[in-house]
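Q: sequence first, predicted model second:
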Amino acid sequence: ERERESGWVGVFVHVRMRVRVECVLVSSLVSLRNGSADVKFHIDLNSLFSEHNRYSSFDPESFPGLTYRMMDPDVVILIFCSGKVVLTKAKNPDHVVMAFEKIYPILEQFRLKQS
């Protein structure tokens, strides 16, 4: 019998051994585009979440970024207090650009004043 592995790696291996997933792919191609940017200023994620909680989720104890689900275009944006932004799940490259152009003015509203 194999020895138990320690730490999160052991938990991951244990879970993978117990879960079986069956998938059938029917002639489909999914191609998602991603992008990243640095707005060069810090962002107040608590205030951003307070005013945009309909489109976002934020739990800094489990993940340091705010997840913003933009509807048009359909893009998920990860926003970090450092000003780093990751745009993901876009259907085409134009959606990445459109999403950034829409989110940038919102981020400027929650810009932290540097002391």
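A: Thanks, I have it.
Q: going by C-alpha atoms from here, please, whenever you check contacts or count neighbours.
A: Fine.
Q: quick check: which ranges of this structure have low pLDDT?
A: 1-30, 115 (pLDDT under 70).
Q: now stretch 37-47 - C-alpha only, CSV.
A: Presented in CSV, the C-alpha positions along stretch 37-47 are these (Å, rounded to 0.1, in the frame of the first residue of the first chain):
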residue,chain,number,x,y,z
ALA,A,37,-2.5,45.2,-17.9
ASP,A,38,-1.1,47.4,-15.2
VAL,A,39,-3.0,50.7,-14.6
LYS,A,40,0.0,52.1,-12.6
PHE,A,41,-2.1,53.1,-9.6
HIS,A,42,-3.4,51.3,-6.5
ILE,A,43,-7.2,50.5,-6.4
ASP,A,44,-9.5,50.5,-3.4
LEU,A,45,-11.1,47.0,-3.9
ASN,A,46,-13.4,47.3,-0.9
SER,A,47,-15.1,50.4,-2.2
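Q: what lies in contact with that stretch?
A: The list of residues contacting stretch 37-47 from outside it, by C-alpha atoms under 8 Å, 6 or more residues apart in numbering, reads 58, 65-66, 79-86, 104, 107-108, 110-113.
Q: for PyMOL, what selects the buried ones among those residues?
A: Those of these that count as buried under 16 or more other C-alpha atoms under 10 Å are selected in PyMOL with:
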select buried, resi 58+65+66+79+80+81+82+83+84+85+86+107+110+111+112
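Q: so which of the contacts of stretch 37-47 are in helices?
A: Assigned to helices by DSSP state H, the following of the contacts of stretch 37-47 qualify: 104, 107-108.
Q: please verify my assumption that Tyr68 contacts Arg54.
A: No: Tyr68 is beyond contact range of Arg54, at 9.1 Å (criterion: C-alpha atoms under 8 Å).
Q: of these two, who's got more company?
A: Ranked by neighbour count (other C-alpha atoms under 10 Å), Tyr68 and Arg54 place Tyr68 first, with 22 against 10.
Q: can you pull out the helices in the chain?
A: 7-18, 45-51, 93-109.
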